[in-house]
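Undergrad: need a 3D model of the sequence below.
(one chain, ligands or ions: 1)
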Amino acid sequence: PNLATTFLDLPLNNPLMNASGVWCSVGSQLEALQESEAGAMVTKSCTLQPRDGNPEPRYRVLNGDKPWGSINSMGLPNEGFAYYLRYTERHDYESKPLFISISGLTLDDNLAMIDGLKDAVTPAILEINLSCPNVPGKAQLGYDFDAMDTLLAEVTSGYGQRSLGVKLPPYFDIAHFDEAAAILNRYPTVAFVTCINSIGNALAIDIDSESVIIKPKDGFGGLGGDYVLPTALANVNAFYRRCPEKAIIGCGGVKSGQEAFMHILAGATLVQMGTALYEEGPGIFARVKAELSEIMEKKGYSSLSQFHGKLKTL
Ligand SMILES: CC(C)(C)CCc1c(C(=O)O)[nH]c(=O)[nH]c1=O
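TA: Purely as a prediction, here's the structure:
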């Protein structure tokens with residue numbers, strides 16, 4: 001079977017990539033992704049200035065056996081926009097496409113980074129993280145539809161006719177799928193949607209210590225891994241159905257060829273891995289590629305397009 005695909009007219013030899021934030025914060029990690037079998041890669045969401053992020057422990061794996069996942073409250077640690085912009089200038093675009101993720105702390109910071117990117121005329125593809133913080137006391141951008149609309153209006157006009165994408169938090173209500181998609185569909189240059197970011201503000205408890213397990217935010221943090229797969233698949237399919245002009249990138253609960261196949265069936269063109277990559281390292285891409293290929297072989301599929309978005313209903 002052939003795992004090759006295209007994204008925004010760029011060729012990829014397979015649909016697998018990292019989720020922003022995992023194995024992509026510093027040069028050595030980015031080089032490891034460049035060398036890996038990943039079909040594409042994305043940088044850690046950056047802010048205009050470098051940030052240390054939250055005190056540790058700020059990422060933990062949950063229940064090493066079943067069900068399995070992670071909780072994190074990293075606090076946007078990153079090397080700052082200029083660092084990742086410099087990486088976009090030394091990336092080997094022949095080998096795989098590069099996405100750059102931004103998550104400005106303010107609208108002005110987002111616009112400043114957009115400006116820097118536009119002038120750089122880099123082949124890197126912009127993914128704007130809509131879980132970026134809003135005015136304190138207000139919901140994150142992805143859950144504040146007026147603020148999201150304003151941000152997209154400003155960002156798309158700042159970025160001109162260039163294609164970009166958004167990383168969305170998970171939604172859980174059909175009315176929210178409808179409202180978010182209606183906003184996104186008003187911005188034709190928003191060419192793709194990545195669903196989902198971690199499920200926000202979960203709480204993991206260790207009964208031996210009778211304590212939370214991460215330090216920031218009284219133990220509250222974003223949930224990833226097996227726990228989020230059904231929600232991730234729902235968001236991929238909801239936006240696939242509602243945004244026929246946009247590509248969908250699936251993220252959430254992928255740790256083998258099985259979940260990658262599900263995401264593609266649900267409508268994902270590319271598939272990101274976070275928790276599983278954090279735990280296994282970049283060797284995971286070769287493994288999941290082989291597993292996806294084997295599933296396709298067994299089902300008699302020779303290309304991704306033969307089952308992409310072909311999820312059946314009853
Ligand atoms: C949650 C924010 C810190 C506002 C954005 C960065 C981010 C983080 C993070 O850096 O804590 N973790 C996630 O699982 N998703 C994210 O989008």
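
Undergrad: tell me where the stretch 101-250 of the chain has helices.
TA: With DSSP state H, counting those that start in this stretch, the ranges of helices along the stretch 101-250 of the chain come out as 107-120, 145-159, 174-184, 229-242.

Undergrad: which strands or helices does the third one pack on?
TA: I take that to be helix 174-184. Helices and strands touching helix 174-184, by 3 or more Cβ pairs under 8 Å, 6 or more residues apart in numbering; DSSP states H and E, are helix 145-159, helix 229-242. Backbone N, C-alpha and C define where each C-beta goes, glycine included.

Undergrad: those helices into TSV, with extra columns for mean neighbour count and distance to Ile174?
TA: Formatted as TSV, the helices and strands packed on helix 174-184 follow (neighbours: other Cβ atoms under 10 Å; distance: least, Cβ to Cβ, whole Å):
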stretch	mean neighbour count	distance to Ile174
helix 145-159	17	15
helix 229-242	22	8
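
Undergrad: circling back to that earlier point, let's have the helices of the stretch 101-250 of the chain in a markdown table, adding mean pLDDT and distance to the ligand.
TA: A markdown table is the format used below for the helices of the stretch 101-250 of the chain (pLDDT from 0 to 100; distance: least, Cβ to the nearest ligand atom, whole Å):
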| stretch | mean pLDDT | distance to the ligand |
| --- | --- | --- |
| helix 107-120 | 95 | 13 |
| helix 145-159 | 97 | 14 |
| helix 174-184 | 98 | 16 |
| helix 229-242 | 99 | 13 |
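
Undergrad: where does the prediction get shaky in the stretch 1-150 of the chain?
TA: Residue ranges of the stretch 1-150 of the chain with pLDDT under 70: none are present.

Undergrad: let's see that with 90 instead.
TA: Applying pLDDT under 90 to the stretch 1-150 of the chain flags the ranges 63-67, 119-122, 132-137.

Undergrad: contact residues of it facing the ligand?
TA: Gly21, Ser45, Asn72, Ser73, Met74, Gly75, Leu76, Ser103, Asn129, Ser131, Cys132, Pro133 (Cβ under 6 Å from any ligand atom).

Undergrad: just those now: which is nearest Lys298?
TA: Gly21 (33.0 Å; Cβ to Cβ).

Undergrad: surely the closest one and Met74 touch.
TA: Yes: between Gly21 and Met74 a contact is recorded at 6.9 Å, counting by Cβ atoms under 8 Å.

Undergrad: any idea which residue of the stretch 201-314 of the chain lies closest to the ligand?
TA: Closest approach between the stretch 201-314 of the chain and the ligand, counting by Cβ to the nearest ligand atom: Gly222, at 3.5 Å.

Undergrad: distance of that residue from Leu265?
TA: Gly222 sits 25 Å away from Leu265, going by Cβ to Cβ, to the nearest Å.

Undergrad: higher neighbour count, those two?
TA: Gly222 (22 against 18; other Cβ atoms under 10 Å).

Undergrad: the more buried one: what's it in contact with?
TA: Gly222 sits next to Ile71, Asn72, Ser73, Asn197, Ser198, Ile199, Gly200, Asn201, Ala202 when contact means Cβ atoms under 8 Å, 6 or more residues apart in numbering.
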